[in-house]
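for reference, the sequence and a predicted model appear below.
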Amino acid sequence: MVFTRVIPVLLLRNAGLVKTRKFRDAKYIGDPINAVRIFNEKETDELVFLDITASPQGKNPPMDLLHDIATECFMPLCYGGGIRNLEQIRNIIRVGVEKVALNTITHEKPELIGEAAEAVGSSSVVVSIDVKKNVFGKASVWTRGGTLNTKKDPATWAQEVEKRGAGEILLNNIDKDGMMTGYNLELIRTITHAVEIPVIACGGAATTEDLARPIKEASASAVAAGSLFVFKGKHRAVLISYPEPETLKALFN
Amino acid sequence: MIVTVDYGTGNFGSIKNMLRKLGHASVISSETTDIMAATRLILPGIGAFDTGMKQLKATGVIDALNAKVLQEKVPVLGICLGMQLMTCGSAEGQVPGLGWIDATCQRFHFDPNPEKLKVPHMGWNYVYPQRKHFLMQEMHPEPRFYFVHAYHVKCNRKNDILLQTHYGYDFTASFQKENMMGVQFHPEKSHKFGMRLLDNFVKQS
């Protein structure tokens, strides 16, 4: 039986690792290469790196850093941030990254999803969808690092990116980001019921037990988390951790 | 010299990185002269079957590969699509494969599908050895590997099957016939399990 994937999402800012709350207040937590080495030791299922400043600042993906990360990383790796064209996608795959995560560009040039799927295979193309509620409680898709409201309905948008060739959806809930209050299961359910492709649920995990809920109660295919794997205790002391293989086995069975 | 065959599709960097970590120098090349000098060959690959075969042909290395693998019997390891290209062909396309192994490739199909299994089969899964072989020597007792694939190999000769994995049903995760080995999973992305397998391939074959 295939294992449920549990994926640390690590945020990059100027070649350093940071962690946010509601996509803001980025706190420096350390060196990305060092983090990869620790996650190697812990036999982590998969890693996602997102450069949170690339798209908002119009920067290109940090290719030298990605090369260094991929060289150290002996688990599947996904990168997102500042990807705008096929050439960048091919270069990212070439340095040893398995998957690319597309977000901002999918709202400006949605046909890139299909072109990328054709070029590198749809299982290497992840579309990242960030969702936030407005003051009236209505959820919509945000982009450009959570700074621009596209006003798109999350489920409708998820269906469109599936139709265009996305292999997976990385679903992040901005309201839950870094808050460690549990996942937004209702949102996850809405998306997993709308599409057939795997949905990676992200945003809100506080405990190892939380990781099982999107899978068991909302049909997610995989779970991702940030704070849970980089902080320890209520004072958010930096400590990189990952559950033991036996713990994860027991959690999902 | 270990040569990873570069025909434009595949995760060459990761394979080289893991071999380097294991202390084995390797080159990534599409040059016939390098392939003819190889003592170990790795055939990687991702993507569609026909695209892969066409690119392999366009690279002009097939004659050299046939000579090395079929006549000189140099150990070869196919990874993911690379494994599938070693068979006679795939339901994914029309182009014949290299035909080294008496097998074909078919898409995962679950009918009925009570577990709602998705295609591609993506993630970590256990492998179950069907016989003893040096690739799995001194392997962890519960070996698991990272898979991403929508098609899988179906061997016509049961004796060629080395590892099986269960996803809806049992399928061939690895085959081996003489000097020819193939793995459906990605050893280069499978932590200590993949390192052991690649090290065994280099040292034992």
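Arrived safely. Numbering: from 1, shown residues only, chains lettered A, B, ... in the order given.

going forward, measure contacts and count neighbours with C-alpha atoms only.
Noted.

can you give me the helices for the chain?
Reading this off chain A. Secondary structure of chain A, counting by DSSP state H: helices at A:32-41, A:63-72, A:86-94, A:104-108, A:111-120, A:154-163, A:185-194, A:212-218, A:227-230, A:245-252.

oops, I was thinking of chain B
In chain B, the helices defined using DSSP H lie at B:12-21, B:32-37, B:49-59, B:62-66, B:81-85, B:191-204.

just these: most buried one?
helix B:81-85 (a mean of 28; mean count of other C-alpha atoms under 10 Å in any protein chain shown).

chain center to it, what's the gap?
Here helix B:81-85 is found 6 Å from its chain centre; the criterion is C-alpha atoms, centre = their mean, to the nearest Å.

stretch A:206-216 too?
Computed by C-alpha atoms, centre = their mean, the chain-centroid distance of stretch A:206-216 equals 16 Å.

in that stretch, what's buried?
By neighbour count with 16 or more other C-alpha atoms under 10 Å in any protein chain shown, stretch A:206-216 contains the buried residues A:Ala206, A:Asp210, A:Leu211, A:Ala212, A:Arg213, A:Pro214, A:Ile215.

now pLDDT and distance to chain B too, for the residues you listed, in a markdown table please.
Shown next, in a markdown table, are the buried residues of stretch A:206-216 (pLDDT from 0 to 100; distance: C-alpha to the nearest C-alpha, whole Å):
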| residue | pLDDT | distance to chain B |
| --- | --- | --- |
| A:Ala206 | 95 | 23 |
| A:Asp210 | 97 | 20 |
| A:Leu211 | 98 | 16 |
| A:Ala212 | 97 | 16 |
| A:Arg213 | 98 | 17 |
| A:Pro214 | 98 | 16 |
| A:Ile215 | 97 | 13 |
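
if we can go back for a sec, columns distance to chain A and mean pLDDT on top of the helices of chain B, output as TSV?
Shown next, in TSV, are those (distance: least, C-alpha to the nearest C-alpha, whole Å; pLDDT from 0 to 100):
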stretch	distance to chain A	mean pLDDT
helix B:12-21	5	88
helix B:32-37	21	97
helix B:49-59	10	93
helix B:62-66	23	98
helix B:81-85	12	96
helix B:191-204	5	97
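
tell me which of the helices of chain A sits most buried.
helix A:227-230 comes out most buried of the helices of chain A by mean count of other C-alpha under 10 Å, with a mean of 24.

can you list the residues of chain B near chain A?
B:10-14, B:17-18, B:46-48, B:118, B:120, B:122-126, B:146, B:148, B:166-167, B:188-191 (C-alpha under 8 Å from any C-alpha of the partner chain).

just these: which are in strands?
B:Met122, B:Gly123, B:Trp124, B:Asn125, B:Tyr126, B:Tyr146, B:Val148, B:His166, B:Tyr167 (DSSP state E).

out of these, which are buried?
The neighbour count (16+ other C-alpha under 10 Å) marks B:Met122, B:Gly123, B:Trp124, B:Asn125, B:Tyr126, B:Tyr146, B:Val148, B:Tyr167 as buried among those.

show me which residues of chain A are close to chain B?
A:1-5, A:40, A:43, A:45, A:70-76, A:93-98, A:120-121, A:123, A:196-198.

any of those residues buried? List them.
Here, 16+ other C-alpha under 10 Å leaves A:2-5, A:40, A:43, A:45, A:70-76, A:93-98, A:120-121, A:123, A:197-198 buried among the residues of chain A next to chain B.

make CSV out of the helices of chain A and add distance to B:Ala38.
Below are those laid out as CSV (distance: least, C-alpha to C-alpha, whole Å):
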stretch, distance to B:Ala38
helix A:32-41, 30
helix A:63-72, 24
helix A:86-94, 23
helix A:104-108, 43
helix A:111-120, 28
helix A:154-163, 43
helix A:185-194, 48
helix A:212-218, 46
helix A:227-230, 43
helix A:245-252, 38
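
so which of those gets nearest B:Glu31?
Among those, helix A:86-94 comes nearest to B:Glu31, with 18.5 Å by C-alpha to C-alpha.

what angle do helix B:12-21 and that closest one make with each other?
20 degrees (axes from the mean of the first three to the mean of the last three C-alpha atoms, to 10 degrees).

helices or strands next to helix A:86-94 in the packing?
strand A:99-102, helix A:111-120 (3 or more C-alpha pairs under 8 Å, 6 or more residues apart in numbering or on different chains; DSSP states H and E).

in terms of mean pLDDT, which of the ones you listed ranks lowest?
The minimum mean pLDDT among these belongs to helix A:111-120 (a mean of 93).

where does the prediction get shaky in chain B?
Chain B contains residues with pLDDT under 70 at B:9-11.

A:Ile215 contacts A:Glu209, correct?
No - between A:Ile215 and A:Glu209 there is no contact under C-alpha atoms under 8 Å: 11.2 Å.

in CSV: the buried residues of stretch A:206-216, plus distance to A:Met180.
Supplementary listing: those in CSV, determined by distance: C-alpha to C-alpha, whole Å:
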residue, distance to A:Met180
A:Ala206, 4
A:Asp210, 10
A:Leu211, 12
A:Ala212, 15
A:Arg213, 14
A:Pro214, 14
A:Ile215, 17
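
for A:Ile7, see how far away the residue of the stretch 51-200 of chain A found nearest chain B is.
As assessed by C-alpha to the nearest C-alpha, chain B sits closest to A:Met75 within the stretch 51-200 of chain A, at 4.2 Å. With distances taken as C-alpha to C-alpha, to the nearest Å, A:Met75 is found 11 Å from A:Ile7.

what of A:Glu87?
26 Å.

in chain B, which strand has the most residues?
As assigned by DSSP E, the longest strand anywhere in chain B is strand B:169-177.

mind listing what's buried in that strand?
Neighbour-count burial for strand B:169-177 [16+ other C-alpha under 10 Å]: B:Phe171, B:Thr172, B:Ala173, B:Ser174, B:Phe175, B:Gln176.
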